[in-house]
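A.B. asks: Got a sequence here, can you model it:
(one chain, ligands or ions: 4)
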Amino acid sequence: MAGYAVKEIFLTLQGEGLQTGRRAVFCRFAGCNLWSGREEDRADAQCTFCDTDFVGMDGDLGGRYPTADALADAIAGQWGKWIEEEGGEPLVVITGGEPLLQLDSALIEAIHARGITIAIETNGTIAAPPGIDWICVSPKSGTTIVQKSGQELKLVWPQTGINFKELEGWDFDHYLVQPLDGPSRNDAREACIKFIAGHPKWRLSLQSHKMIGLR
Ligand SMILES: C[S@@+](CC[C@H](N)C(=O)[O-])C[C@H]1O[C@@H](n2cnc3c(N)ncnc32)[C@H](O)[C@@H]1O
Ligand SMILES: Nc1nc2[nH]cc(C(=O)O)c2c(=O)[nH]1
Ligand code: SF4
Ligand SMILES: [Mg+2]
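C.D. replies: Ligands and ions are numbered 1, 2, ... in the order given. Next comes the predicted model:
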């Protein structure tokens, strides 16, 4: 179907990774190639630990945007909220679901034309089009990663079946582990600390938005 299927668009602070704490508009695309988003399918999905509702287009500013310009206008409008002073570099984080199912060069051009820097959060199974300013790949065990370069590789930890030595050979500026959120989150946090203690190339990424009640 034509256009872009968007779950929600909202202004917040980037909660994760190297850019934690930075003002950012989030554009969450609907749909993912590794899980249907339905709870009854979770156990059999390629990605089983997802913390996000990306089904449908029913969130804030969700809907089907017919053109790249229409979606870029909506994103730019959120950046402009509450701005009291000039300065800073406008940022959109394109996420999902899996954003590379939909992010194309027309949208990249339309967002850049509005002076906005583009970051994405991707599972790495689909190659990124050129022009994205900040690529964060978060590999899922058992999947084939084709996007092996970018600014940050953010590994949700622990995950069985991950060869992190192989990941270290890929072309990323920063390597991060992020505790797996869920019933065993305390154990996951400890596992991350232990991992970094033994592998100093890696840093800790916390989902800081969840700690302070940010979206
Ligand atoms: C919801 S995903 C959307 C983007 C893309 N599909 C991906 O997986 O990177 C956004 C980020 O949240 C991470 N994430 C998802 N579920 C998580 C969980 N239970 N605990 C920690 N991080 C999680 C993902 O690994 C990814 O880095
Ligand atoms: N504040 C905030 N930061 C985030 N960083 C990555 C997120 C995502 O769901 O992709 C996310 C999110 O959902 N909220
Ligand atoms: S790949 Fe990303 S959006 Fe898809 S199910 Fe996994 S964490 Fe969720
Ligand atoms: Mg999230």
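A.B. asks: residues contacting the spatially closest residue to Arg203 that is not a sequence neighbour?
C.D. replies: Among residues not flanking Arg203 along the chain, Leu176 sits closest, at 5.2 Å (CB to CB, 6 or more residues apart in numbering). Just so you know, the C-beta spots here come from the backbone N, C-alpha and C atoms, and that holds for glycine as well. By CB atoms under 8 Å, 6 or more residues apart in numbering, the contact set of Leu176 is 17-18, 152-155, 202-205.
A.B. asks: Buried ones from those, can you make that a ChimeraX selection?
C.D. replies: For anyone working in ChimeraX, the buried entries among the contacts of Leu176, judged by 16 or more other CB atoms under 10 Å, can be selected with:
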select :17,18,152,153,154,155,202,203,205
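A.B. asks: Switch the contacts of Leu176 over to CSV; also include distance to ligand 1 and pLDDT.
C.D. replies: What follows is the contacts of Leu176, written out as CSV (distance: CB to the nearest ligand atom, whole Å; pLDDT from 0 to 100):
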residue, distance to ligand 1, pLDDT
Gly17, 8, 98
Leu18, 12, 98
Glu152, 10, 98
Leu153, 10, 98
Lys154, 5, 99
Leu155, 8, 98
Trp202, 15, 98
Arg203, 14, 98
Leu204, 12, 98
Ser205, 8, 98
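A.B. asks: Can you classify the residue nearest to Arg203 as helix, strand or coil?
C.D. replies: Three-state assignment for Leu176 (DSSP: H, G, I helix; E, B strand; the rest coil): strand.
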